[in-house]
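> Sharing a model that was predicted from the sequence below.
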Amino acid sequence: MQEQVRRLFAMWQEQGSVRNKEHLLAGMLGDPKRGGDTPHYCSDIKLAQDAMDRAWNLLEEYAPVRVACHVEGDGASKEGRSCHVEWWPEDGDHIATPTFDSEAESRAFAAFAFLKLEAGG
């Protein structure tokens with residue numbers, strides 16, 4: 001499982017820009033462009049949470065992991081914040097991703113990972 005998470009994180013980072021990551025996730029979720037633009041999953045916490053919930057619902061019955069997002073700092077500004085996704089596979093050790101700049105991006109990554117895991121990898 002740890003290797004799968006590392007591979008998924010690398011795939012996410014290979015997208016480069018935040019917009020590329022959002023385009024990837026929108027395509028996987030089947031989300032149409034809203035007002036001619038891809039949803040801002042990596043900066044809008046509500047959209048990110050919705051994406052994470054929708055992806056989790058696909059995996060819920062046989063999810064190999066549990067995910068939690070943590071935010072360090074006071075949450076009032078982006079400075080001093082770092083977020084990561086923690087995985088607790090039923091059959092392995094705790095795994096944590098490297099940090100993200102925002103809670104929204106960490107949740108968008110979690111949605112991406114859920115969808116990839118649901119699809120087999």
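Structure's in. What do you need? Keep in mind that what you see is a predicted model, and the values were worked out from it rather than measured.
> For this structure, which segments count as helices?
Taking DSSP state H, the helices of the chain run over residues 2-14, 18-29, 45-59, 103-118.
> quick one: buried residues of the third one?
In terms of neighbour count (16 or more other C-beta atoms under 10 Å), helix 45-59 has its buried residues at 47-52, 55-56, 59. (C-beta placed from N, C-alpha, C; glycine too.)
> Closest one to A26 out of the residues you listed, please.
Distance to A26, by C-beta to C-beta, is smallest for A51 among the buried residues of helix 45-59, at 8.7 Å.
> Now for the spatially most central residue of the chain: which residues touch it?
For the chain, the residue nearest the mean C-alpha position is F109 (1.8 Å; C-alpha atoms, centre = their mean). By C-beta atoms under 8 Å, 6 or more residues apart in numbering, the contact list for F109 reads 9, 12, 21, 85, 97, 100.
> Need the pLDDT of it.
You'll see F109 listed with a pLDDT of 92.
> and if you look at the one 3 residues further on?
Turning to F112, the model gives it a pLDDT of 92.
> And for it, the neighbour number?
F112 is flanked by 24 other residues according to other C-beta atoms under 10 Å.
> if I look at it, how far off is L58?
Remark: distance between F112 and L58 (C-beta to C-beta, to the nearest Å) = 12 Å.
> what sits in contact with each of the two?
Common contact partners of F112 and L58 (C-beta under 8 Å, 6+ apart): none.
> State the distance from H40 to W88.
For H40, the distance to W88 equals 29 Å [C-beta to C-beta].
> More neighbours: which of these two?
Just comparing H40 and W88: by other C-beta under 10 Å the higher neighbour count belongs to H40, 17 against 14.
> Give me the phi and psi angles of the more buried one.
H40 has phi and psi values of phi -90, psi 70 when expressed as degrees, to the nearest 10.
> wait, it sits on K46?
No. Between H40 and K46 there is no contact, the gap being 9.9 Å when judged by C-beta atoms under 8 Å.
> If you average pLDDT per helix and strand, which one of this protein comes out bottom?
Sorting the helices and strands of the chain by mean pLDDT, DSSP states H and E puts strand 67-71 at the bottom, at a mean of 57.
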